[in-house]
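**Q** coords please:
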Amino acid sequence: MFRTLGTFGVVLLTVTAIVMVGLGFLMGPTHPLPWIMLVVVIAIPFIHNKMASSRYLVWKDEYSVGVEEMDNDHKKLLNLINQLQTAVNYYTGKEFEEKALDELVDYTKTHFKKEEKLMEDNDYADFDAHKLQHEKFIGKVNEFIEEYKKDADVTVVKTLEFLKAWLIEHINGTDKEYGKVLNEKGIH
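**A** Residues are numbered from 1 along each chain as shown. This is a model prediction of the structure:
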């Protein structure tokens, strides 16, 4: 319902602008209203695309933790979040949405295991605290999944916003800390 209203709003705005162009030309071709509304009609898809694309995560070099394997995992996680964002922006069907969410959750767990093994193998001092962050994250995501089963439209949007914020904050926070320690040990 939530996503349908957004699409409905864009369509309604476009149709209204087109009607105003038509009515404006009834006032004569020299009247400014139809020309202004024609520009609005042409601009709507560009503005909509710009707004939609701003919701996607883009990898920035500043996110690098200095360990190539982990950076590659983080890039993949961003791509998986963007797949879920696509499902939210353009209702692609419940099957695609659920598949995108499942793939994201599964890969996150895989990434956490790899990251934890890397830290453990290198005697990372804050391993337990870092692992606890991962466990809390998985717990929160499981809560979202239970909510999703009850109210998919609202929950998927909340889940997506949580995932974006958490991932970037986690990478730029505790992940960068282990990155420094591993870099000192020659792991890049």
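**Q** I'd like the distance between the residue of the chain most remote from its centre and W35.
**A** Relative to the C-alpha centroid of the chain, counting by CA atoms, centre = their mean, G28 is the outermost residue, at 46.5 Å. From G28 across to W35, the span is 11 Å (CB to CB, to the nearest Å). For the C-beta atoms, the positions are set from N, CA and C on the backbone; glycine is no exception.
**Q** ditto for N72
**A** Distance, N72 to W35, by CB to CB: 51 Å.
**Q** more neighbours: those two, which one.
**A** W35 (14 against 11; other CB atoms under 10 Å).
**Q** in which helix or strand does the more buried one reside?
**A** With elements delineated by DSSP states H and E, W35 resides in helix 32-53, which encompasses its position.
**Q** what's next to that helix, contact-wise?
**A** Counting by CB atoms under 8 Å, 6 or more residues apart in numbering, the neighbours of helix 32-53 from elsewhere in the structure are 10, 13-14, 17-18, 20-25, 27, 89.
**Q** pLDDT (mean, whole number) over it?
**A** Averaging pLDDT along helix 32-53 yields 85.
**Q** and that helix, which residues are buried?
**A** Using 16 or more other CB atoms under 10 Å as the test for burial, helix 32-53 gives P34, M37, L38, V40, V41, I44, H48, A52.
**Q** same question for stretch 124-131.
**A** For stretch 124-131, a neighbour-count test (16+ other CB under 10 Å) marks Y124, H130, K131 as buried.
**Q** quick one: contacts for the first one?
**A** So the one you mean is Y124. With contact taken as CB under 8 Å, 6+ apart, Y124 is in contact with H130, Y178, V181, L182.
**Q** which pair in those residues spans the largest distance?
**A** Using CB to CB, the contacts of Y124 reach their maximum pairwise distance at H130 and L182, which is 12.2 Å.
**Q** common neighbours of those two, please.
**A** Applying CB under 8 Å, 6+ apart, one finds that H130 and L182 are jointly contacted by M119, Y124.
**Q** show me where this structure has helices.
**A** With helices called from DSSP state H, the chain shows them at 2-26, 32-53, 68-89, 94-121, 127-150, 152-170, 176-184.
**Q** ok, S54 - contacts?
**A** Neighbours of S54 in contact, by CB under 8 Å, 6+ apart: none.
**Q** domain parsing of this structure, as residue ranges.
**A** The chain breaks down into these structural domains: 2-53, 61-184 (assignment by automatic domain parsing).
**Q** dump the contacts of Y124 into a markdown table; add pLDDT and distance to G139 as well.
**A** Formatted as a markdown table, the contacts of Y124 follow (pLDDT from 0 to 100; distance: CB to CB, whole Å):
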| residue | pLDDT | distance to G139 |
| --- | --- | --- |
| H130 | 97 | 15 |
| Y178 | 94 | 21 |
| V181 | 93 | 26 |
| L182 | 94 | 26 |
